[in-house]
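**Q** Need a 3D model of the sequence below.
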Amino acid sequence: MNPMLPLDVFVPDGEAHVMPDGRLYLYGSLDIKDGDTYCSDRYRVFSTGDMHVWRDEGESFHLEDGMLYAPDCAYKDGTYYLYYCTAGGGEYTAVSRRPQGPFTDPRPMEGIRGIDPAVMVDEDGTGYYFWGQFSLNGARLMPDMRTIDKSTVTENILTEEAHGFHEGASIRKRNGKYYLVYTDVSRGRATCLSYAVADSPLGPYKKGGVIVDNTCCDPGTWNDHGSIEPFGDQWYVFYHRSSRNGIYSRRACCERIYFDDSGRIGEVDMTSQGADGPLDAFGRIDAHLACRMKGGAYLASDGDGEKLTGLGGAEAWPSWAQWRDVDFGQGARGMAIEARGHGRAYAHRGERKEAIGFSVDSDEWKVIKASGSLPGGAGPLYLMAWGDGIEVRWLTFEAK
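**A** Below you'll find the predicted structure:
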């Protein structure tokens, strides 16, 4: 499900790599719960063997004094290379014999100033390194994987003018083509992950399109940063979503992606289900699984869990939240919801002709039951609200 990791863990800028042991490892920055700045002074790695259950591999690297921003990791000849950047534009590498670290022996990447390192090792063993914001640079790595071949430095591989490139490059290879995934500002804000394709690692690259856009994941959403990676026969996009009405609590999420016969990637929606199947309408649907919100609604801390808050609004401007996708089987004839606040709301599936409405008028949490009809099948679920403020912990439906 999305988010993929525990609710108190915030790993943005996700670089996902299947390593030689067959597990997929997620490398990224680490936002601090309820923090007031991007990232932190450490990295924390998670891994999975099935795309459903994630294992906390612990702290992989930290700085005694300073901040660590978006990293990447690569494997070659028995060694794992962690590439990272710090405040002030420094880029560095550290090494380990294990994919999860700990990584040691940090060294600067000489001749490089920038952010967001990205790396790949081609089939012939040659490494390639990319870095930059607004304009992407790249170069071939020397065999030590820790220095670049300065004679191969290529500038303006991607630019803001030609590709919408903002930052956060990530490179993969598929069917002989090289795919650069990056943060794209073409829709006005840095909320898109898009891709460009080339026949060689250093380009030239032609923009393909948007893979996923995290607009409406939270009122405070600003940026996105991630990667694509296959696990088994399925490719996924890994990205982050803002939460808790701020820009510093970004969560790891993923979606299935698909290539057409020409190698183009189709744009996908944000979902609640992620790598899993649709949510069960007749089980408990937790508030924190909401994938889109508008009108001031957002997810907030609620003890060990989270609540959906900020639901309400004037008659002409209700707020709403969406869960995608939810399987309603043959349809629903009623619902129950744990909520508090003052106002009215209704659940619908996109067609408001069929809806389940209810009122909330309590400062204490209460389970409210309501009757009504919703159609069957799998698809998005919406909760719309009016009033002075409604909060929700969970909801469920009664089958027809």
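
**Q** okay, CA-based contacts and neighbour counts for the rest of this
**A** OK.

**Q** what about the helices in the protein?
**A** For the chain, the helices defined by DSSP state H cover 160-163.

**Q** Need the mean per-residue confidence for the longest strand belonging to it.
**A** Ranked by number of residues, the top strand in the chain under DSSP state E is strand 378-399. Computed over strand 378-399, the mean pLDDT rounds to 96.

**Q** which helices and strands does it pack with?
**A** With contacts taken as 3 or more CA pairs under 8 Å, 6 or more residues apart in numbering; DSSP states H and E, strand 378-399 sits against strand 285-286, strand 305-313, strand 319-327, strand 332-348.

**Q** Show me the contact partners of the shortest one.
**A** For strand 285-286, contacts defined as CA atoms under 8 Å, 6 or more residues apart in numbering pick out 279, 393-396.

**Q** before we move on, back to that, report the angle between the axes of the longest strand of the chain and strand 332-348?
**A** Relative orientation of strand 378-399 versus strand 332-348 (axes from the mean of the first three to the mean of the last three CA atoms, to 10 degrees): 130 degrees.

**Q** want to try CSV for the helices and strands packed on strand 378-399, with mean neighbour count and mean pLDDT as columns?
**A** Output for those, formatted as CSV (neighbours: other CA atoms under 10 Å; pLDDT from 0 to 100):
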stretch, mean neighbour count, mean pLDDT
strand 285-286, 19, 98
strand 305-313, 23, 95
strand 319-327, 24, 97
strand 332-348, 21, 97
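
**Q** Would you tell me which of these gets closest to residue 377?
**A** strand 319-327 (5.7 Å; CA to CA).

**Q** now the closest one against strand 332-348, angle please.
**A** Using the same axes, to 10 degrees, strand 319-327 lies at 140 degrees relative to strand 332-348.

**Q** Pull strand 319-327 out as CSV, backbone CA atoms only.
**A** C-alpha atoms of strand 319-327 as CSV (Å, rounded to 0.1, in the frame of the first residue of the first chain):
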residue,chain,number,x,y,z
SER,A,319,-13.2,19.8,0.5
TRP,A,320,-12.7,16.2,-0.5
ALA,A,321,-10.4,13.2,-0.2
GLN,A,322,-9.9,10.3,-2.6
TRP,A,323,-8.9,6.6,-2.1
ARG,A,324,-7.8,4.8,-5.3
ASP,A,325,-8.7,2.1,-6.0
VAL,A,326,-11.4,0.5,-3.9
ASP,A,327,-13.2,-2.8,-4.8
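
**Q** So what's the gap between stretch 200-219 and the chain middle?
**A** Chain-centre distance of stretch 200-219: 13 Å, with CA atoms, centre = their mean, to the nearest Å.

**Q** now stretch 58-67
**A** 22 Å.

**Q** mean confidence score for it?
**A** Taken as a whole, stretch 58-67 has a mean pLDDT of 95.

**Q** quick one: contacts of that stretch?
**A** 39-46, 68, 86-87, 100-104.

**Q** Which of those residues sits closest to residue 289?
**A** Among the contacts of stretch 58-67, residue 46 lies closest to residue 289 (CA to CA), at 19.9 Å.

**Q** partners of the closest one in the sheet?
**A** Applying DSSP bridges to residue 46 yields these beta-bridge partners: residue 26, residue 56.

**Q** can you check residue 181 too?
**A** Judged by DSSP bridges, the bridge partners of residue 181 are residue 170, residue 195.

**Q** just residue 374 next, same as before
**A** residue 332.

**Q** How many residues are close by it?
**A** Residues lying near residue 374 (other CA atoms under 10 Å) number 27.

**Q** Report the separation between it and residue 347.
**A** Residue 374 sits 8 Å away from residue 347, going by CA to CA, to the nearest Å.

**Q** Spit out the residues that contact those two alike.
**A** What both residue 374 and residue 347 touch, as defined by CA under 8 Å, 6+ apart, is the set 355-356.

**Q** quick one on the thing from earlier: would you mind giving the contacts of strand 285-286 as a markdown table with distance to residue 198 and neighbour count added?
**A** Below are these laid out as a markdown table (distance: CA to CA, whole Å; neighbours: other CA atoms under 10 Å):
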| residue | distance to residue 198 | neighbour count |
| --- | --- | --- |
| 279 | 38 | 22 |
| 393 | 46 | 22 |
| 394 | 46 | 19 |
| 395 | 47 | 21 |
| 396 | 47 | 19 |
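
**Q** about what we covered before: looking at the helices and strands packed on strand 378-399, which is closest to residue 120?
**A** Nearest of the helices and strands packed on strand 378-399 (CA to CA): strand 319-327, 33.3 Å.

**Q** Direction included, what does that closest one pair up with?
**A** In the sheet, strand 319-327 lines up with strand 279-280 (parallel), strand 292-294 (antiparallel), strand 378-399 (antiparallel) (DSSP bridges).

**Q** which one of the ones you listed is the most hemmed in?
**A** Sort the strands paired with strand 319-327 by mean neighbour count, taking mean count of other CA atoms under 10 Å, and strand 292-294 sits at the top with a mean of 23.

**Q** what residues does that one touch?
**A** Residues contacting strand 292-294 (CA under 8 Å, 6+ apart): 215-219, 270, 319-323.

**Q** Show the average pLDDT along that strand.
**A** Averaging pLDDT along strand 292-294 yields 97.

**Q** With distance to residue 364 as extra columns, can I get the contacts of strand 292-294 in CSV?
**A** Listed next are the contacts of strand 292-294 as CSV, based on distance: CA to CA, whole Å:
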residue, distance to residue 364
215, 32
216, 28
217, 27
218, 25
219, 26
270, 32
319, 21
320, 21
321, 21
322, 24
323, 25
